[in-house]
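Undergrad: Below are the sequence and a predicted model; questions follow.
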Amino acid sequence: MFDRLSEAEGNFLTGKLLIAMPSMQDPWFERSVVYLCAHSEEWAMGLVLNRLVESLSFPDLLEQLGIESATERAIRVHFGGPVETGRGFVLHSTEYLQDSSLQIDDGVALTATVDILRDIAHDRGPRRHLLALGYAGWGPGQLDQEIQANGWLIVDPDETLLFDSDLEGKWQKAVDKIGLDVAKLSGFAGHA
């Protein structure tokens, strides 16, 4: 998968945040904030930043992987999206990089190895990180069509929106960054 991600690096909306419009009816994405790790003509891939996997804790995940933990920090497992929900991804700050890490921009990278989980479990991992199971994926032109149909707003990310623990307030903070009153937003696309 990282081969496909690196092909899309620097293209289109890679490194941007998608904010679900209030009219979004898809239960997977209602009031979601998605970080786009890759976006090209062929496909798009992102991680939902404001949902948790309720049925799995970090200690449970480590136990399943046979990793002992030395950390006292409470680490949450996020729902990254409905595609490949058994696959793990760590979105993180770039002071920590592995050979297998994909650097998305100057401050954000993506790593999908057991080694990063081991390092996080022993407090040797990245300074800021978000562990997610699954991802959000779109086929050729699908995300572009959803954006044109007013399904998503686009905003530049910041470290708080990416890694802040306030999941309930993340959607509103992302909307506030644009400076829009969501009560006045329409779910209908206009055409001149």
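TA: Thanks, I have it. Numbers count the residues shown, from 1 in each chain.
Undergrad: In this structure, where is pLDDT below threshold?
TA: 1-11, 184-192 (pLDDT under 70).
Undergrad: make it 50
TA: Along the chain, the parts satisfying pLDDT under 50 run over 2, 4-10, 188-192.
Undergrad: For it, just list every one of the strands.
TA: Secondary structure of the chain (DSSP state E): strands located at 17-20, 33-39, 44-48, 77-79, 83-93, 102-103, 108-111, 129-138, 152-155.
Undergrad: right, and those - which one's nearest Trp171?
TA: Proximity to Trp171 (CB to CB) singles out strand 33-39 among these, at 5.6 Å. (Each C-beta comes from the backbone N, C-alpha and C, glycine too.)
Undergrad: how far out from the middle of the chain is that closest one?
TA: The chain centre lies 6 Å from the centre of strand 33-39; the measure is CA atoms, centre = their mean, to the nearest Å.
Undergrad: Mind listing residues that contact the longest helix along the chain?
TA: The longest helix of the chain (DSSP state H) is helix 167-178. Helix 167-178 is contacted by residues 17, 19-20, 31-33, 49-52, 153, 155-156, 158, 160-161, 164, 166, 182 when judged by CB atoms under 8 Å, 6 or more residues apart in numbering.
Undergrad: hmm, back to that, I'd like the strands of the chain laid out as JSON lines, including mean neighbour count.
TA: Shown next, in JSON lines, are these (neighbours: other CB atoms under 10 Å):
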{"stretch": "strand 17-20", "mean neighbour count": "25"}
{"stretch": "strand 33-39", "mean neighbour count": "25"}
{"stretch": "strand 44-48", "mean neighbour count": "26"}
{"stretch": "strand 77-79", "mean neighbour count": "21"}
{"stretch": "strand 83-93", "mean neighbour count": "18"}
{"stretch": "strand 102-103", "mean neighbour count": "18"}
{"stretch": "strand 108-111", "mean neighbour count": "24"}
{"stretch": "strand 129-138", "mean neighbour count": "22"}
{"stretch": "strand 152-155", "mean neighbour count": "18"}
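Undergrad: Alright, calling it a day.
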